[in-house]
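Engineer: no FASTA, just this:
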């Protein structure tokens with residue numbers, strides 16, 4: 001078992017391992033809905049995050065600041081304008097807790 005497989009591994013949230021398992025990397029995914037959720041570990045301050053729901057899978061993508069900015073730049077600041085738009089997910093090296101790990105990055 002690898003600890004990196006559990007980074008961001010929450011109930012039905014996409015991480016690199018889950019995206020590979022579902023076969024959704026580098027494939028067009030249609031944004032079905034955008035919701036807000038408070039995310040955080042017990043004992044830590046919860047953060048409000050946007051979640052992308054896709055037509056092609058039940059797994060949701062928790063948007064980090066970079067992915068939020070990429071989608072906002074392409075489709076506008078109002079998340080209603082993101083609906084029915086297509087994005088792709090790819091892996092990218094990111095810094096997480098002082099270590100370089102594989103993370104998901106969106107492309108439009």
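Structural biologist: Thanks, I have the structure now. Predicted model only: the values in this text are computed from it and were never measured.
Engineer: ok, longest helix in the chain?
Structural biologist: What stands out as the longest helix in the chain, according to DSSP state H, is helix 65-75.
Engineer: packing partners for that helix?
Structural biologist: Applying 3 or more CB pairs under 8 Å, 6 or more residues apart in numbering; DSSP states H and E, one finds that helix 65-75 makes contact with strand 99-107. All C-beta spots, glycine's among them, are computed from the backbone N, C-alpha and C.
Engineer: list the buried residues of the longest helix of the chain.
Structural biologist: 67-68, 70-72, 75 (16 or more other CB atoms under 10 Å).
Engineer: that helix vs strand 99-107, what angle?
Structural biologist: 10 degrees (axes from the mean of the first three to the mean of the last three CA atoms, to 10 degrees).
Engineer: for this structure, what spans make up the strands?
Structural biologist: Using DSSP state E, the strands of the chain run over 29-39, 47-54, 60-62, 86-96, 99-107.
Engineer: let me have those strands in a markdown table, adding mean neighbour count, distance to residue 15 and mean pLDDT as columns.
Structural biologist: Shown next, in a markdown table, are the strands of the chain (neighbours: other CB atoms under 10 Å; distance: least, CB to CB, whole Å; pLDDT from 0 to 100):
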| stretch | mean neighbour count | distance to residue 15 | mean pLDDT |
| --- | --- | --- | --- |
| strand 29-39 | 15 | 13 | 94 |
| strand 47-54 | 17 | 13 | 94 |
| strand 60-62 | 22 | 9 | 96 |
| strand 86-96 | 15 | 10 | 93 |
| strand 99-107 | 16 | 7 | 95 |
